[in-house]
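Undergrad: Here is a sequence with its predicted model. Questions after.
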Amino acid sequence: MKKLYILLAAISILFAVACKKDGSAGRSNLAAISFVNATAGSEALVPKFGNINLIYSTVDYSSIVNYGASGLFSWRSGSTTISLTPITDTTHTLFSGNLNLQAGGIYSLYLTGTVAQPDTVFIQEHLIQHAYTDSVAGIRFVNLSPVASRVSVGIKGLSNGSEVTSLAYKGRTVFKTYKADHTVASYIFEFRDAVSGTLLATYALNGVNYSSSASPTTTNSVRFRNQTIALIGGGTTALSAIRIANY
């Protein structure tokens, strides 16, 4: 399981005190939320939970969500104000909103649009559980590019739109099961304009058939897990595709 980063030491302390006050044991009061920075033109962002005052000069690198990347955090359940601020411009908040997090819930907040016109997609995740007797992986697709109104997704070498014929901006598919046994080294996914067929971006999901028994120090990050492949970018920011680990 990917490590859940607590935003700052101060937040960790506050959370520990809160758990003691309400008598909850361990992590039963926690929710997990992944922030995905796909806002075209965005700098690295720093999440802020509640009314905690951040000292930006002391923010740890693990608490920063770079453009084209995601960060997984944990926080107490309930109604929480969450904001994300550019690390180099603390006077400008890219997103601020009140989210209701359920104990034990898993969430994704996709930050999309542009810096001039930011937008979001908020999801409560219901991930596929993969049996260890099946060498498979769960993959879904999401269109986070404000300039790509309709895209198709296909596997290189197959017909255009072999996986998705048309995906609107901010649209997403459900998780689909893909073979991840020793016969599959990689999947190369192609995002194309759904009308013209113009290639917009590709993503190579490598290491699908990696065997951890061959090298115990490294694990297979694809097999038995879930991942999102997202199209991002627009305007002066080049279109690209990124992978988000959902686990």
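TA: Perfect, I can see it now.

Undergrad: name the element the spatially closest residue to Gly161 that is not a sequence neighbour belongs to?
TA: Leaving aside its sequence neighbours, Gly161 sits nearest to Ser152 (C-beta to C-beta, 6 or more residues apart in numbering; 3.6 Å). (Each C-beta comes from the backbone N, C-alpha and C, glycine too.) Using DSSP states H and E, Ser152 sits in strand 150-155.

Undergrad: what does that strand contact?
TA: 141, 143, 145, 160-169, 187-195, 197, 200, 229, 231 (C-beta atoms under 8 Å, 6 or more residues apart in numbering).

Undergrad: let's go with 10 Å and repeat that
TA: 139, 141-143, 145, 159-169, 171, 173, 178, 187-195, 197-201, 203, 229, 231, 239, 241 (C-beta atoms under 10 Å, 6 or more residues apart in numbering).

Undergrad: Quick check: neighbours of it in the sheet, parallel or antiparallel?
TA: strand 164-168 (antiparallel), strand 186-193 (antiparallel) (DSSP bridges).

Undergrad: Following element in sequence after the first one, please.
TA: In other words, strand 164-168. Next along from strand 164-168, by DSSP H and E: strand 176-179.

Undergrad: so how far is that next one off the chain centroid?
TA: Computed by C-alpha atoms, centre = their mean, to the nearest Å, the separation of strand 176-179 from the middle of its chain amounts to 19 Å.

Undergrad: That strand packs against which elements?
TA: strand 136-143 (3 or more C-beta pairs under 10 Å, 6 or more residues apart in numbering; DSSP states H and E).

Undergrad: tell me the angle of the strand it packs on relative to strand 186-193?
TA: Between strand 136-143 and strand 186-193, the angle comes out at 20 degrees (axes from the mean of the first three to the mean of the last three C-alpha atoms, to 10 degrees).

Undergrad: mind listing what Gly68 touches?
TA: Here Gly68 is in contact with 36-38, 42, 230, 232-233, 237, 240-242 (C-beta under 10 Å, 6+ apart).

Undergrad: pLDDT value on it, please?
TA: Predicted confidence (pLDDT) for Gly68: 97.
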